[in-house]
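Novice: the following comprises the amino acid sequence and a computationally predicted model.
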Amino acid sequence: MLTIITISERPEDIEFGQKVANSAKTDFFHAPRANDLKKILKEKKDVILFWDIDHPHAIEAMHPLSISNVGNVVQTTGKPDKVFVISSEPLNTTPYIFKMPFFSHHLYR
């Protein structure tokens, strides 16, 4: 069964993920930290991730929601199948997204 996971601290992102999962009649999980994401990914097979990429701590290496921490989980687990990065900025203003090997799609908040 498909699983939708939202990794974000923004209520609107969590609500969006829940609505998509409800519409698709599938499981939904909120992963508030990279370690939470890792636990969920170990148990789930087919996963779509909605990930807030432009939060204030995205480039702080030690932050639990940083690009490096979440990216490490994604790369080491070989999941999810699709990564939708969510941002409040147009895609052309966040060029670092294109360098992520797991980048699939961009959602403009």
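Specialist: It's in. Numbering: from 1, shown residues only.
Novice: the protein: strands as residue ranges?
Specialist: 2-7, 27-30, 46-52, 82-87, 105-108 (DSSP state E).
Novice: ok, longest helix in this structure?
Specialist: Criterion DSSP state H: the longest helix present in the chain is helix 11-24.
Novice: which parts of that helix are buried?
Specialist: For helix 11-24, a neighbour-count test (16 or more other C-beta atoms under 10 Å) marks 13-14, 16-17, 20-21 as buried. Quick note: C-beta positions are derived from backbone N, CA and C, even for glycine.
Novice: now those as TSV including distance to residue 68?
Specialist: As requested, the buried residues of helix 11-24 are exported to TSV (distance: C-beta to C-beta, whole Å):
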residue	distance to residue 68
13	20
14	22
16	24
17	22
20	26
21	27
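Novice: just curious, which of those residues is nearest to residue 87?
Specialist: Ranked by distance to residue 87 (C-beta to C-beta), the buried residues of helix 11-24 are led by residue 13 at 10.3 Å.
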